[in-house]
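Visitor: coords below, sequence missing:
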């Protein structure tokens, strides 16, 4: 697909929220998610404007975003461990959220992130894409440039791990 | 685990960024895009040309051919666009899938050729050459249709019988149209119309023989089956003929009540109803082969009724006007003298 400003605007309107949500739940930082989302689209424009073909836009954007998240952690040294009890470890919730709701949401998100950090790397993204971003197995396969069968297997193993972790927490 | 996934899914539905941020970032990214315009490579230039020119050519072709095809639909043998019309039909036949569908397509083409004969019969001034060409077209097309039906018979006897009944019914219906035109035509034009009727009457017997043969084969096949299968086959056929006939009644009321083809169709549909009642009685009594014979008759009547209705409703306007007009009656000479004006007493 050849790119022009209108096409690019269409990409943004369609995928920006999904990319932001992905970056946000992976980094836990609104500021980082804003930065990574902007860079994702800038890189997509740079690629397309040089005449390079993009066959699957959603997959392409998520791949850029995933790589940028990895780079983000590399620069920081390691993955952050989010402690549920650490008051300093705050997660930015949008200001539009009512105050009461904001506290519940912050706690819920911390729990989620703590859980996700316990998952092995190959399974983390697939769980976020499937259940947080609500993408289908086919769409995830295009993003990860692998087969649907492969994605299904990863999801299944991720769920097995989540189950084990859940039992571990309960016990 | 379910609790975790549900929570994750609920959180995913939130708008985390906020509308203000998305709008601001959109403006910033658009500014970025304008400040970094796309590089139009030689490959893109060539690709744009490569994609656009064939598309424009194809579009132009579609517009031109659609216009010509539309104009050609009304053309008759001898007209400039008639060969285009026949050519389009040949192209359409390539896309017909299945022997049964092909047979029905050829029957539909036969109906078109017969319509052309009727239209030429009422067109003024009369064109004897065109009329002759149209009659030859009819004869050739009937031959093509019967050959196609024979090919269908090899793999699908039911389909072949259905198509043969439809072809025969089409011929009978259009013969009736031409009979009506002949009855109402000027003496000078009657000969041409009669020639067209002759063409149908010469070729129709071949179709009737084909139908009789297929009906016999149908009966033989049914007889060879166990009684329970005979009953099932006949019940299916009964339902099909009932559906066919009931659909035709709705078309009857759409025609002008003075249209003679409507009257013929009604008579055939009443006869179909009677045959269906008789067949149902035979089925109840366990006389399945008798029921089949009656159903074959009912099916043929229903097919003829349908063809009459179709011929009447799809005829050209001039032909339809003639169908509903009264038959001109010559006043007897003995009566005409009584009505001649009396000599004026004032002269």
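Guide: Okay, I see it. Everything numeric here is computed off the predicted structure, so don't read it as measured data. Residues are numbered from 1 along each chain as shown, chains lettered A, B, ... in the order given.

Visitor: only C-alpha atoms for contact and neighbour calcs from this point on.
Guide: OK.

Visitor: run through the residues of chain A sitting next to chain B.
Guide: Taking C-alpha under 8 Å from any C-alpha of the partner chain as the test, the list of chain A residues beside chain B reads A:3-5, A:9, A:12, A:16-17, A:20-21, A:24, A:30, A:34, A:38, A:41-42, A:45-46, A:48-51, A:93-94, A:96, A:108-109, A:112, A:128, A:131-134, A:159, A:162-163, A:166.

Visitor: how about the contacts made by the residue nearest to residue B:172 when sequence neighbours are not counted?
Guide: If you skip the residues right next to it in sequence, residue B:172 has residue B:304 as its closest partner in space, 7.5 Å away by C-alpha to C-alpha, 6 or more residues apart in numbering or on different chains. Contacts here follow C-alpha atoms under 8 Å, 6 or more residues apart in numbering or on different chains; on that basis residue B:304 touches B:165-166, B:168-170, B:172-173, B:265, B:268.

Visitor: for residue B:65, state which of those is nearest.
Guide: residue B:170 (30.2 Å; C-alpha to C-alpha).

Visitor: helices along chain A, start to end?
Guide: For chain A, the helices defined by DSSP state H occupy A:5-27, A:30-49, A:57-76, A:99-118, A:121-127, A:137-144, A:148-170.

Visitor: what's the least confident stretch among the ones you listed?
Guide: Within the helices of chain A, the stretch with the lowest mean pLDDT is helix A:99-118, showing a mean of 73.

Visitor: now name the helix or strand holding the residue of the stretch 51-200 of chain B found nearest chain A.
Guide: For the stretch 51-200 of chain B, the residue closest to chain A is residue B:51, as judged by C-alpha to the nearest C-alpha, at 12.2 Å. In this structure, residue B:51 sits in helix B:42-72 according to DSSP states H and E.

Visitor: circling back to that earlier point, now the helices of chain A as a markdown table including mean neighbour count and distance to residue B:259?
Guide: A markdown table is the format used below for the helices of chain A (neighbours: other C-alpha atoms under 10 Å in any protein chain shown; distance: least, C-alpha to C-alpha, whole Å):
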| stretch | mean neighbour count | distance to residue B:259 |
| --- | --- | --- |
| helix A:5-27 | 20 | 61 |
| helix A:30-49 | 20 | 69 |
| helix A:57-76 | 17 | 64 |
| helix A:99-118 | 16 | 78 |
| helix A:121-127 | 18 | 72 |
| helix A:137-144 | 19 | 62 |
| helix A:148-170 | 15 | 65 |
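
Visitor: list the buried residues for the helix or strand where residue B:301 lies?
Guide: Of the helices and strands defined by DSSP H and E, residue B:301 is found in helix B:288-314. The neighbour-count check on helix B:288-314 (16 or more other C-alpha atoms under 10 Å in any protein chain shown) flags B:288-313 as buried.

Visitor: same question, stretch B:210-229
Guide: B:210-211, B:214-215, B:218-219, B:222.

Visitor: residues contacting residue 26?
Guide: Looking at chain A here, since you left the chain open. Residues touching residue A:26, when contacts are defined by C-alpha under 8 Å, 6+ apart, comprise A:69, A:113.

Visitor: my question was about chain B, not that one.
Guide: A:9, A:12.

Visitor: need the pLDDT of it.
Guide: 88.

Visitor: buried sites along the helix or strand hosting it?
Guide: Using DSSP H and E, the element containing residue B:26 is helix B:19-35. By neighbour count on 16+ other C-alpha under 10 Å, the buried set for helix B:19-35 is B:22, B:25-26, B:29-30, B:33.

Visitor: cool, stretch B:201-209 as well?
Guide: In stretch B:201-209, the ones that count as buried by 16+ other C-alpha under 10 Å are B:203-204, B:207.

Visitor: now these in a markdown table, with pLDDT and secondary structure?
Guide: As requested, these are exported to a markdown table (pLDDT from 0 to 100; DSSP: H, G, I helix; E, B strand; the rest coil):
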| residue | pLDDT | secondary structure |
| --- | --- | --- |
| B:203 | 83 | helix |
| B:204 | 84 | helix |
| B:207 | 88 | helix |
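
Visitor: which residues touch residue A:37?
Guide: Neighbour list for residue A:37: A:16, A:19-20, A:23, A:65 [criterion: C-alpha under 8 Å, 6+ apart].

Visitor: which single one of these is nearest to chain B?
Guide: Comparing the contacts of residue A:37 against chain B with C-alpha to the nearest C-alpha picks out residue A:20 as the nearest, at 6.7 Å.

Visitor: which residues touch that closest one?
Guide: Counted by C-alpha under 8 Å, 6+ apart, residue A:20 has contacts A:33-34, A:36-37, B:16-17.

Visitor: helices of the stretch 151-300 of chain B, residue ranges please.
Guide: In chain order, the stretch 151-300 of chain B shows helices spanning B:157-184, B:187-223, B:227-252, B:260-284, B:288-314, with DSSP state H, counting those that start in this stretch as the criterion.

Visitor: select, out of the ones you listed, the one closest to residue B:61.
Guide: Nearest to residue B:61, of all the helices of the stretch 151-300 of chain B, is helix B:288-314, at 29.7 Å by C-alpha to C-alpha.

Visitor: buried stuff in stretch B:64-78?
Guide: Using 16+ other C-alpha under 10 Å as the burial criterion, the residues of stretch B:64-78 that qualify are B:69, B:72, B:75-77.

Visitor: how far does stretch A:12-32 sit from its chain's centre?
Guide: Between the centre of stretch A:12-32 and the centre of its chain there are 7 Å (C-alpha atoms, centre = their mean, to the nearest Å).

Visitor: residue A:21 and residue A:133 touch, don't they?
Guide: Yes: counting by C-alpha atoms under 8 Å, residue A:133 is a contact partner of residue A:21 at 7.2 Å.

Visitor: enumerate the residues of the stretch 1-150 of chain B near chain A.
Guide: B:1, B:4-5, B:7-13, B:15-18, B:22, B:25-26, B:29-30, B:32-34, B:36-41, B:44.

Visitor: if any of these are buried, give me the ChimeraX selection for them.
Guide: Typed into ChimeraX, the next command selects the buried ones out of the residues of the stretch 1-150 of chain B next to chain A (criterion: 16+ other C-alpha under 10 Å):
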select /B:4,5,7,8,9,11,12,16,17,22,25,26,29,30,33,38
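
Visitor: so what's the gap between stretch B:284-295 and the chain middle?
Guide: With C-alpha atoms, centre = their mean as the basis, the mean position of stretch B:284-295 lies at 31 Å from the chain mean.

Visitor: which residues are in contact with it?
Guide: Residues contacting stretch B:284-295 (C-alpha under 8 Å, 6+ apart): B:219, B:222-223, B:227, B:230-231, B:234, B:237-238, B:241, B:275-276, B:278-283.

Visitor: report the buried members of these.
Guide: The neighbour count (16+ other C-alpha under 10 Å) marks B:219, B:222, B:230-231, B:234, B:237-238, B:241, B:275-276, B:278-280, B:282-283 as buried among those.

Visitor: which single one of those is nearest to chain A?
Guide: Distances from chain A to the buried ones among the contacts of stretch B:284-295, taken by C-alpha to the nearest C-alpha, are shortest for residue B:237, at 47.2 Å.
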